[in-house]
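Asks: could you look at this predicted model? Sequence included:
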Amino acid sequence: MSRRIEFTANYSLPAEVVHRTLTAPAFWNDRVAKGADSGVTLTRLESGPGTIDVAVNQVVDTSALPSIVTKLIKGDLAILRSENWSPVAGGSAAGSFAVDTTGIPVTVRGTYTLTDVDGGSTLTGAGEVDVNVKLIGGTIEGMVVDQVRKIFETDQEAVEEWAAANA
């Protein structure tokens, strides 16, 4: 069984600026450099005019995870996060995201829509979280949904800061 995830991020910037940031290789290189001490690495970065296909890997320190999760982990726990964005057209852009893990069978798949609104833009995302573990998978899915939402909140802050510093 999977669990639905939905989120919204409201930006003070137009969709074109948010999109330009999210498709800038320098933005992703900076994000990875800031997380390098936490085991973050860039595993894929392909970009073209208004597009990007990027994947970031992070080995997770499992000591802070709930025991219900750590008991299930086999080997190292690593998270591979990927994003794809298409060009802006008519004030909006579409993208997709995915999260896969090693050590525990978690997958997250979804789509983004970035649109202009008065005074800025809105990024909406929707997808599915699936934890393939009998009996307690649903409990872990709820934890994953919470963590994915926190990642998107952090992304929003990073986009706003990077865009302001690199305008």
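Replies: Perfect, thanks for sending it. Residues are numbered from 1 along each chain as shown.
Asks: secondary structure class for residue 73?
Replies: For residue 73, the assignment made with DSSP: H, G, I helix; E, B strand; the rest coil gives coil.
Asks: neighbours of residue 65, just the number please.
Replies: Counted with other C-beta atoms under 10 Å, residues neighbouring residue 65 total 16. Every C-beta, even on glycine, is put in place using the N, C-alpha and C of the backbone.
Asks: buried residues, the helix or strand of the chain with the lowest mean pLDDT. List them.
Replies: When each helix and strand of the chain is scored by mean pLDDT, DSSP states H and E, helix 67-70 comes last, with a mean of 79. By neighbour count with 16 or more other C-beta atoms under 10 Å, helix 67-70 contains the buried residues residue 69.
Asks: ok, and what's touching that helix?
Replies: Residues from elsewhere that reach helix 67-70, judged by C-beta atoms under 8 Å, 6 or more residues apart in numbering: 62, 104, 136, 139-140, 143.
Asks: low-confidence ranges in this structure?
Replies: Where the chain drops to pLDDT under 70, the residues are 1, 135.
Asks: hmm, back to that, please pull up the helix or strand immediately following the least confident helix or strand of the chain.
Replies: Counting by DSSP states H and E, the next helix or strand C-terminal to helix 67-70 is strand 78-85.
Asks: output the contacting helices and strands for the longest helix that the chain contains.
Replies: For the chain, the helix with the greatest residue count under DSSP state H is helix 137-165. Identification of packing neighbours for helix 137-165 by 3 or more C-beta pairs under 8 Å, 6 or more residues apart in numbering; DSSP states H and E yields strand 2-11, helix 15-22, helix 25-35, helix 67-70, strand 106-117, strand 120-131.
Asks: how about the ones you listed, which one is nearest residue 163?
Replies: Counting by C-beta to C-beta, residue 163 lies closest to helix 15-22 out of the helices and strands packed on helix 137-165; the figure is 4.7 Å.
Asks: how distant is the closest one from the center of its chain?
Replies: 15 Å (C-alpha atoms, centre = their mean, to the nearest Å).
Asks: contacting residues for residue 52?
Replies: So residue 52 contacts 22-25, 28, 45-46, 83-85 (C-beta under 8 Å, 6+ apart).
Asks: before we move on, back to that, what residues of the longest helix of the chain count as buried?
Replies: For helix 137-165, by 16+ other C-beta under 10 Å, it's 137, 140-141, 143-145, 148, 152, 155-156, 158-160, 162-163.
Asks: tell me the angle that helix makes with strand 120-131.
Replies: Following axes from the mean of the first three to the mean of the last three C-alpha atoms, to 10 degrees, one obtains 150 degrees for the angle between helix 137-165 and strand 120-131.
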